[in-house]
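1. Mind folding the following:
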Amino acid sequence: MTVQINSNYLENYSKEYAQTVCGRFFSNRQFITGQDIIQLTSSTQVNFFIIKSLFELWQEELAKLKSSPYFDYRDIAVHEALTQFMNVLSRRIKVERSNLEPLVKIAVEQAIFVATDPVAFYQKEVSKAPQGKINDYLKENKKYYKWHDKAVVFLIDKTGFGHDSDSYLRAISANYQVMKDSFESVNLLLATLGDVKAFDLDSYLVDGAEVARVEPKPVPVAENESSFFEQVEMAEPARTVTPVMAEPTVAKPVVESASATKSSPSSNGTQLDGAKLKRHFASESYKGMAGIVGELSESLALNQRFMFTKELFDGNADLLRHALKSIDEAGSFNAAVDLINSRYVSELGWDANSDVVREFMQLVYRKYAD
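-> Here you go, the predicted structure:
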């Protein structure tokens, strides 16, 4: 069964999202660079899909040059000079709004696609690979996959699939069936789009369709021989991916119902008790600490940002950033606790009594307590 979507809603949403993002960025600038694009929106996946589109355009330009019948592009000196030229060109990305807006729109559509139906998305990616070069294609593009990438990255450098694209397609489906419970939920991924425009999953999905269930570091533009596209690999905590070699079963649609309960049980079945936390943080040990935190998104130390991302937000820096923004707008400590309970404690399986949760909540208390 295929996930049924409302294409009109998707078209209008992605168009308005792109217009809003570009309107903000180009309000006082004429061009955008590659480094700007990497940090353009709160959604790492959207940003990297824009870069992926530019990479594909860059490759098309290279193919056009090589298609000339008048020059020997197989000559070593020509090849080296052309490679250096194309790499320098890639580090000089300079895009006007009229050319960027369509790329943002496509990137948003792709991000929604991979969030709601990763099996279909990655099977489509495999189908785009040149015959016999699927492994090379995935290896070259894996840096651009930030959501549900475990559905496909295990295939890279694995033997047993040969060069048959059907084998790759079946393997992606089989791997999803085994690993789907470890994937981040659709609601959490799509929430990272919300600071530009809230995404309504119920409007996107046709009635009756089922849905199953990263902040990049600035990349220095080094004047070396590598291309910009080779430099965009983002350093992130290593994740263990168990390859699945079993015969695949029939793939189910990859999304959990938008109207389904958001709260799967947390790891210890507890919720944060706002009153208890207040009493604890108001004790002698914490006197003088309240009220010294401004915007949470600006107050975290680097080690705290890394720890919270890893321990509380499943390694996804986008989710942490979106959570901090939402908490900053909550208005009070009690409202912040309610928001955290409803969106994160249950959804991400937090242990409400753990030290890392206490440290996180201490910062929230310090922001709102008198």
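2. helices and strands of the chain: which one bottoms out on pLDDT?
-> Using mean pLDDT, DSSP states H and E, helix 228-231 stands out as the lowest-scoring helix or strand of the chain, at a mean of 51.
3. Now do the strands in this structure.
-> For the chain, applying DSSP state E gives strands covering 31-32, 95-96.
4. start to end distance for stretch 306-322?
-> Terminal residues of stretch 306-322 lie 15 Å apart, using CA to CA, to the nearest Å.
5. quick check: mean pLDDT across it?
-> Taken as a whole, stretch 306-322 has an average pLDDT of 83.
6. ditto for stretch 118-127
-> Stretch 118-127 carries an average pLDDT of 86.
7. what comes up buried for that stretch?
-> 118-123, 125-126 (16 or more other CB atoms under 10 Å). Just so you know, the C-beta spots here come from the backbone N, C-alpha and C atoms, and that holds for glycine as well.
8. what do you get for stretch 329-344?
-> 330, 333, 336-337, 339-341, 343-344.
9. could I get the strands of the chain as CSV with distance to residue 178?
-> Formatted as CSV, these follow (distance: least, CB to CB, whole Å):
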stretch, distance to residue 178
strand 31-32, 40
strand 95-96, 40
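10. ok, back up a step: between the buried residues of stretch 118-127, which sits nearest residue 21?
-> Each of the buried residues of stretch 118-127 was scored against residue 21 by CB to CB, and residue 121 proved nearest at 21.5 Å.
11. Spit out the contact partners of that closest one.
-> Counting by CB atoms under 8 Å, 6 or more residues apart in numbering, residue 121 makes contact with 110, 113-114, 148.
12. Of those residues, which belong to helices?
-> 110, 113-114 (DSSP state H).
13. for the record, mean pLDDT for the helix ranked longest in the chain?
-> As assigned by DSSP H, the longest helix anywhere in the chain is helix 44-66. For helix 44-66, mean pLDDT is 84.
14. and if you look at stretch 198-213?
-> Taken as a whole, stretch 198-213 carries a mean pLDDT of 70.
15. I figured residue 172 hits residue 151, correct?
-> Yes. Here residue 172 reaches residue 151: they are 5.7 Å apart, a contact under CB atoms under 8 Å.
16. Mutual contacts of those two, please.
-> What both residue 172 and residue 151 touch, as defined by CB under 8 Å, 6+ apart, is the set 119, 122.
17. So for the residue of the chain lying at maximal distance from its centre, what's the pLDDT?
-> Most distant from the centre of the chain: residue 70, at 43.8 Å, with distances by CA atoms, centre = their mean. In this prediction, residue 70 carries a pLDDT score of 79.
18. ok, the nearest residue to residue 274 once chain neighbours are set aside - contacts?
-> Closest residue to residue 274 apart from its sequence neighbours, by CB to CB, 6 or more residues apart in numbering: residue 337 at 3.8 Å. Residues in contact with residue 337 (CB under 8 Å, 6+ apart) are 272, 274, 277, 361, 364.
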